[in-house]
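A.B. asks: Here is a sequence with its predicted model. Questions after.
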Amino acid sequence: MSNTVYLVERPAELRSGVVFASPHSGSNYSPAFLAQTILDPLLLRSSEDAFVDELFAAAPRFGMPLLMAQAPRAYVDLNRSTEELDPALIEGVIKRGQNPRVASGLGVVPRVVAHGRAIYRGKLTCAEARHRISTYWRPYHAALQHLLDQARMGFGKAVLIDCHSMPHEAIAAAGRRGVGLPDVVLGDRFGAAASADVMDQVEAAFVGAGLRVARNAPFAGAYITQSYGRPSRGQHAIQVEIDRSLYMDEARIEKTSNFAGLQALLSEVVADVSRLTCDPLPVAAE
């Protein structure tokens, strides 16, 4: 399905219970949104997981669907709860408790992009926030759950690989002396979102491709991993963060000459991950 909300690339034949998704690579900046913001287009894109959908584009070739958001993260963040509304941005929202993501401006309708740059001059109406949630957030999540349900029905379990990218400075700041910085950070909410066996196999796929992998630090997974990771119900979720400096110029948001090589490497990873759950359930006799 193709629309302005999300795009699903489906395989010719479903051959695995793994679902790939990219919730932050959307780059459809509507004229209305551009008219609302005080940022120039390049700064507006600084929180976007640019090109991540392309890095994992091989998924359908190996029998798995790839779900891609079309709306940008700066417009609506699909990796946040609909309850994470920012009272500093949205009129009429009452502050409830202390949510560090919302407090820093990174609610479901973000107030800032990277480095805390404000997106708007003033506040948005509650109706505007609700419109973004109903028009973009809910359809994306309905599509995601549908793909996972299909996977679980066909293969007995579903594995969500939620694909993201991380600024190089984020991992450099979290690095430990004498330990090489990871190329990839896998997050499973410290074991709550995926079984140890599934996590081990996903990690082995990345390590087998020659990539350095860390788990849960500095990124353990946010709303999507937490909400969709239900190992006891046969539904696992793992967040994948790729170091942006491996494939793009972060300041210009442009692919570097390394992009094609990393994409080819990740195609091997995708092929390995597809084998996680590739035995279809027997079809019951009529």
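C.D. replies: Received the coordinates, thanks. Numbering: from 1, shown residues only.
A.B. asks: Output the helix or strand F33 falls within in PDB, but only the C-alpha positions, please.
C.D. replies: F33 belongs to helix 31-36 when elements are defined using DSSP states H and E. Presented in PDB, the C-alpha positions along helix 31-36 are these (Å, rounded to 0.1, in the frame of the first residue of the first chain):
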ATOM      1  CA  PRO A  31       4.000  22.700   2.400                       C
ATOM      2  CA  ALA A  32       1.600  23.200   5.300                       C
ATOM      3  CA  PHE A  33       4.200  21.900   7.800                       C
ATOM      4  CA  LEU A  34       7.000  23.900   6.200                       C
ATOM      5  CA  ALA A  35       4.900  27.000   6.600                       C
ATOM      6  CA  GLN A  36       4.400  26.300  10.300                       C
END
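A.B. asks: E13: how many residues sit nearby?
C.D. replies: Number of residues near E13 (other Cβ atoms under 10 Å) recorded here: 7. In this view, the C-beta of every residue, glycine as well, is placed from N, C-alpha and C.
A.B. asks: which residues touch it?
C.D. replies: Residues in contact with E13 (Cβ atoms under 8 Å, 6 or more residues apart in numbering) are G63.
A.B. asks: Assumed it was part of a helix.
C.D. replies: No - read with DSSP: H, G, I helix; E, B strand; the rest coil, E13 is coil and lies in no helix.
A.B. asks: ok, now how distant is it from L160?
C.D. replies: 20 Å (Cβ to Cβ, to the nearest Å).
A.B. asks: Kindly report the same for Y29.
C.D. replies: Y29 sits at a distance of 27 Å from L160 (criterion: Cβ to Cβ).
A.B. asks: now L181
C.D. replies: Taken as Cβ to Cβ, the span from L181 to L160 is 26 Å.
A.B. asks: need the contact list for L85.
C.D. replies: The contact partners of L85, by Cβ under 8 Å, 6+ apart, come to 93, 102, 107-109, 129.
A.B. asks: so of these, which ones are in helices?
C.D. replies: Among the contacts of L85, the residues falling in helices (DSSP state H) are 102, 129.
A.B. asks: can you tell me which two in the contacts of L85 are farthest apart?
C.D. replies: Spatial extent of these (Cβ to Cβ) is set by the pair V102 and A129 at 12.3 Å.
A.B. asks: Would you state the strands of the stretch 1-150 of the chain in chain order?
C.D. replies: For the stretch 1-150 of the chain, strands defined by DSSP state E, counting those that start in this stretch occupy the ranges 6-9, 18-22, 66-69.
A.B. asks: closest one to F56 among those strands?
C.D. replies: Taking Cβ to Cβ as the measure, the strands of the stretch 1-150 of the chain were each checked against F56, and strand 18-22 came out nearest at 5.2 Å.
A.B. asks: What strands flank that closest one, and is each parallel or antiparallel?
C.D. replies: Looking at strand 18-22 with DSSP bridges, its paired strands and their directions are strand 66-69 (parallel), strand 158-166 (parallel).
A.B. asks: How many residues are close by G17?
C.D. replies: Counted with other Cβ under 10 Å, residues neighbouring G17 total 28.
A.B. asks: so how far is V113 from the nearest residue to it once chain neighbours are set aside?
C.D. replies: If the residues on either side of it in the chain are set aside, G17 comes closest to F155, at 3.2 Å by Cβ to Cβ, 6 or more residues apart in numbering. Applying Cβ to Cβ, one obtains 38 Å for the distance of F155 from V113.
A.B. asks: repeat for G191
C.D. replies: Separation of G191 from V113 (Cβ to Cβ): 32 Å.
A.B. asks: neighbour count winner among these two?
C.D. replies: Taking G191 and V113 together and counting by other Cβ under 10 Å, V113 has the greater number of neighbours (22 against 14).
A.B. asks: thinking that one is in contact with P41, fair?
C.D. replies: No - the pair V113 / P41 is not scored as a contact, 11.3 Å apart, by Cβ atoms under 8 Å.
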